[in-house]
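Undergrad: Need a 3D model of the following:
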Amino acid sequence: MNSPIPPTPVPVPPAARPPASYRALGWLLAVPALLGTLITLVLPTVQTIVLSLHSGGVLQPSRFVGLDNYGKVLGGEEFWRALGFTLSLTVGPLLVAVVVGPLLALALDRGGALPRRAGLVVSSLAIVTFSPIGVAAAWLRGTSPDGPGIATLAEGLRDPATAPGTLRLVVVAATFGVVCALALTAFLPALRGGAAGRATVVVAVLVALATVAVGAQAFSIGMALTRGGPERATQTLAGLQYDFAFRMAQFGPGAAVAALTGVLLGVLGVVAVVVAVAARLRVTVLPKRDRRGAFPGSDPGRARAGGGVVAGAVALVLVVAVGLVCAWPWISGVLAGGDGAASGGLRAQVNTWVPAVAGALVSVGVAYLAALGIGGLRPLGARSEWLLLPFAPWLFVGTGPLGVADWQNMRNLRLVDTFFALFPPLLVSVPALLVLTLLCKGLAERNDRDFFGGVLLPSLPMAGVLAGAVTLVNAQDVLWPLLVAQSPELFTVPVAQMGRLGGFHGVPDVGASTPLVVVVVALAAVVAAQLRYLDRLAVSVNGSRPARTSP
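TA: Okay, here's the model as predicted:
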């Protein structure tokens, strides 16, 4: 049997420099993102630094103390212990993301259409059902005498000697499914690139940086399970910042912790953008697959040779089996049911989802306009992607590191404890800006049609996908609504669940933060996006063309 010869990567000729009028439009489209970044990212960052140089807060008058707060924070044991423990929490998910993720993607890519599509459907379910507070509530059921199976590991959270290790295991188990799903979504397109090995390495670097950055801001699961205890053994950076600023009303030290966390995230963000731009990373949309799941011109028999289907199926079954074991506390908690009214009922669902959807539409919409300008219209020609560098320090920054400054702004505007305060304070999603810019760049370089048909229309579904993703993240966030809503009538579902966990009312309804109607609608949308759009994406580096050979 003759094995097909893999295609030789063909350099993509540089796109022609667009007319001056197009370049001017590109600059114009980037203006809303620049303003949004200035207002909701740069200014709060400056405010955080200024606050870190002052003492006092809500209860005491503010006065300038210079670097005293940094001396207090860096000179104490609490910060270094929290930093070390926070970084240790990222080790498990990092290994899952950069080891299990690419291996699963490779097996499914070589396995053909059926295993790959089955993997995409399963990954969609893991994404839409993930709720940090719901997972934490489920694991706390393990501390009861009738705790289910693996959840009994949570008993170790009560002892200062075993709590850190136990929480690390819980975090790995709780996030295994969603980390695998997101890694699979990232690595499959890289395997369809013309230089699949190099593209996979670049994607792995970006995935690793993102995993560490997300872990560095960990708050929800740890706060719900241990509140940083016992004896501060499980204190995270976000928890330490929260304790200083909002439990002890010491804005200075709290802002100092936030600023130090921001420096770490800023470095990670700059490195990620430099890697993506220097590698000439771009995303393209391949033609629609045929009924066999193959791209036009591909050889569908290639992947099936040598037992590729069996290998893909076995890999998927193994990962799903591990995922089910890890998710069993949550599954059993959902099946056990609970009092949905205790988690806020319909009013809490409105508080959760209306601001989440509105915030996602604004932040991703603004990012999309800038991506069309930077990546699609190319105002600086081949160097246009370097325009992402001013946004890079905030690529991985969430509401946590800016929470002290944003809360103070809300308080000064007298918006704390109002429905408006529940809306996420970020006007631009920098991660969406990066992804959409790389996509618009890839579409523009291969575009043989007008801008509308060749760039805007093919990239529009990705904007919708990212808006949905940001909606899910916003809805499951607990820190920001916890800061700005004191009235029970304004509680979101995660905040209501958190409050119940902190009281003497037992474990709340585990599934309240992922109601059935939301799961059904989101699952249908995500599965459709995975099979009809994301499964056609290809990531390429260094000017190589996508190799449309994967079935």
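Undergrad: show me where pLDDT drops low in the stretch 201-350 of the chain?
TA: Low-confidence segments of the stretch 201-350 of the chain (pLDDT under 70): 289-306, 338-344.
Undergrad: what do you get for the stretch 51-200 of the chain?
TA: 57-59, 145-148.
Undergrad: can you give me the strands for it?
TA: Taking DSSP state E, counting those that start in this stretch as the test, the strands found in the stretch 51-200 of the chain are 54-55, 63-64.
Undergrad: Distance to residue 207 and mean neighbour count for those - can I get that in a markdown table?
TA: (C-beta placed from N, C-alpha, C; glycine too.) Shown next, in a markdown table, are those (distance: least, Cβ to Cβ, whole Å; neighbours: other Cβ atoms under 10 Å):
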| stretch | distance to residue 207 | mean neighbour count |
| --- | --- | --- |
| strand 54-55 | 38 | 18 |
| strand 63-64 | 42 | 10 |
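Undergrad: can those strands go into JSON lines with extra columns for distance to residue 351?
TA: Listed next are the strands of the stretch 51-200 of the chain as JSON lines, based on distance: least, Cβ to Cβ, whole Å:
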{"stretch": "strand 54-55", "distance to residue 351": "33"}
{"stretch": "strand 63-64", "distance to residue 351": "37"}
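Undergrad: Excluding chain neighbours, give the residue nearest to residue 81 in space.
TA: Distance criterion Cβ to Cβ, 6 or more residues apart in numbering; nearest residue to residue 81, sequence neighbours excluded, is residue 235 at 6.6 Å.
Undergrad: Assign a three-state SS to that neighbour, would you?
TA: coil (DSSP: H, G, I helix; E, B strand; the rest coil).
Undergrad: Can you tell me which of the strands of the stretch 51-200 of the chain is nearest to residue 450?
TA: Closest approach to residue 450 among the strands of the stretch 51-200 of the chain (Cβ to Cβ): strand 54-55, 54.5 Å.
Undergrad: strands paired with the closest one, and their directions?
TA: strand 63-64 (antiparallel) (DSSP bridges).
Undergrad: Report the distance from the strand it pairs with to the chain centre.
TA: 37 Å (Cα atoms, centre = their mean, to the nearest Å).
Undergrad: List the contacts of it.
TA: 53-56 (Cβ atoms under 8 Å, 6 or more residues apart in numbering).
Undergrad: Could you do stretch 317-329 as well?
TA: 100, 104, 122, 126, 135, 138-139, 141-142, 148-151, 172-174, 176-177, 180, 331.
Undergrad: how about a cut-off of 7 Å?
TA: Residues from elsewhere that reach stretch 317-329 (Cβ atoms under 7 Å, 6 or more residues apart in numbering): 100, 104, 122, 126, 138-139, 141-142, 148-151, 173, 176-177, 180.
Undergrad: Give me the buried subset of these.
TA: For the contacts of stretch 317-329, a burial check counting by 16 or more other Cβ atoms under 10 Å picks out 100, 104, 122, 126, 138-139, 141-142, 148, 150-151, 173, 176-177, 180.
Undergrad: returning to what we had before: just checking, which of the contacts of stretch 317-329 belong to helices?
TA: 104, 122, 126, 138-139, 173, 176-177, 180 (DSSP state H).
Undergrad: Could I get those in TSV, plus columns for distance to residue 458?
TA: TSV is the format used below for those (distance: Cβ to Cβ, whole Å):
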residue	distance to residue 458
104	27
122	27
126	27
138	40
139	42
173	38
176	33
177	30
180	28
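Undergrad: Could you point out which of those residues is nearest to residue 157?
TA: Distance to residue 157 across the ones in helices among the contacts of stretch 317-329 (Cβ to Cβ) is lowest for residue 139, with 8.5 Å.
Undergrad: Now do the contacts for residue 207.
TA: Residue 207 makes contacts with 97-98, 183, 186, as judged by Cβ under 7 Å, 6+ apart.
Undergrad: tell me the two of the residues you listed that are most distant?
TA: Among the contacts of residue 207, 98 and 186 lie farthest apart (Cβ to Cβ), at 10.3 Å.
Undergrad: List phi and psi for residue 283.
TA: Main-chain torsions, residue 283, degrees, to the nearest 10: phi -120, psi 140.
Undergrad: Spatially nearest residue to it (excluding sequence neighbours)?
TA: residue 439 (4.2 Å).
Undergrad: burial measure for that neighbour, as a count.
TA: Residue 439: 26 surrounding residues under other Cβ atoms under 10 Å.
Undergrad: What's the mean pLDDT across the host helix or strand of residue 411?
TA: Using DSSP states H and E, residue 411 falls within helix 403-412. Averaging pLDDT along helix 403-412 yields 94.
Undergrad: Give the other helices and strands that the following helix or strand past that helix contacts.
TA: Counting by DSSP H and E, the next helix or strand C-terminal to helix 403-412 is helix 430-446. Packing partners of helix 430-446 (3 or more Cβ pairs under 7 Å, 6 or more residues apart in numbering; DSSP states H and E): helix 251-278, strand 282-285, helix 345-371, helix 457-476.
Undergrad: Off-centre distance for stretch 33-47?
TA: 20 Å.
Undergrad: If you could redo that for stretch 390-407, that was the one I meant.
TA: 14 Å.
Undergrad: just use 16 as the starting number from now, easier for me
TA: With 16 as the first residue, the last one maps to stretch 405-422.
Undergrad: Span of that stretch from start to end?
TA: Stretch 405-422 has an end-to-end distance of 25 Å (criterion: Cα to Cα, to the nearest Å).
Undergrad: how about stretch 82-101: buried residues?
TA: Using 16+ other Cβ under 10 Å as the test for burial, stretch 82-101 gives 83-85, 87-88, 93-94, 96-98, 100-101.
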